[in-house]
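A.B. asks: Build me a structure from this.
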Amino acid sequence: MSSFSLFRRRDPWWESEGPAARRERRHRRFVGSLALTASLAAIAAAAFAWAIELGLVARIGIHAALPFG
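C.D. replies: Model prediction:
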């Protein structure tokens, strides 16, 4: 098995499963990608909020305040 095949994996039953199964697979992949994007955005927002709270952002010239705490 070549190392390239690890990146371009494809289901061997892709053509024989039918359009409904392919549509479901694409939908599941889309929802998974959307969930990953949302989680990464939440992590970035939390890191930025902590940087504001700890005063790290003010050191580089961004004057921001959180509306709580």
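A.B. asks: Help me confirm that residue 52 comes into contact with residue 66.
C.D. replies: Yes: contact criterion C-beta atoms under 8 Å: residue 52 and residue 66 qualify, at 5.7 Å. (Glycine included, C-beta is placed from N, CA and C.)
A.B. asks: So these two - more neighbours on which side?
C.D. replies: Ranked by neighbour count (other C-beta atoms under 10 Å), residue 52 and residue 66 place residue 52 first, with 17 against 10.
A.B. asks: what's the closest non-adjacent residue to that one?
C.D. replies: residue 64 (5.2 Å; C-beta to C-beta, 6 or more residues apart in numbering).
A.B. asks: anything in contact with each of residue 52 and residue 66?
C.D. replies: Contact criterion C-beta atoms under 8 Å, 6 or more residues apart in numbering; residues shared by residue 52 and residue 66: none found.
A.B. asks: Can you show me the helices along this protein?
C.D. replies: Taking DSSP state H, the helices of the chain run over residues 14-17, 19-54, 56-59.
A.B. asks: which secondary structure elements does the longest one contact?
C.D. replies: To tie it back to what came earlier, the one meant is helix 19-54. helix 56-59 (3 or more C-beta pairs under 8 Å, 6 or more residues apart in numbering; DSSP states H and E).
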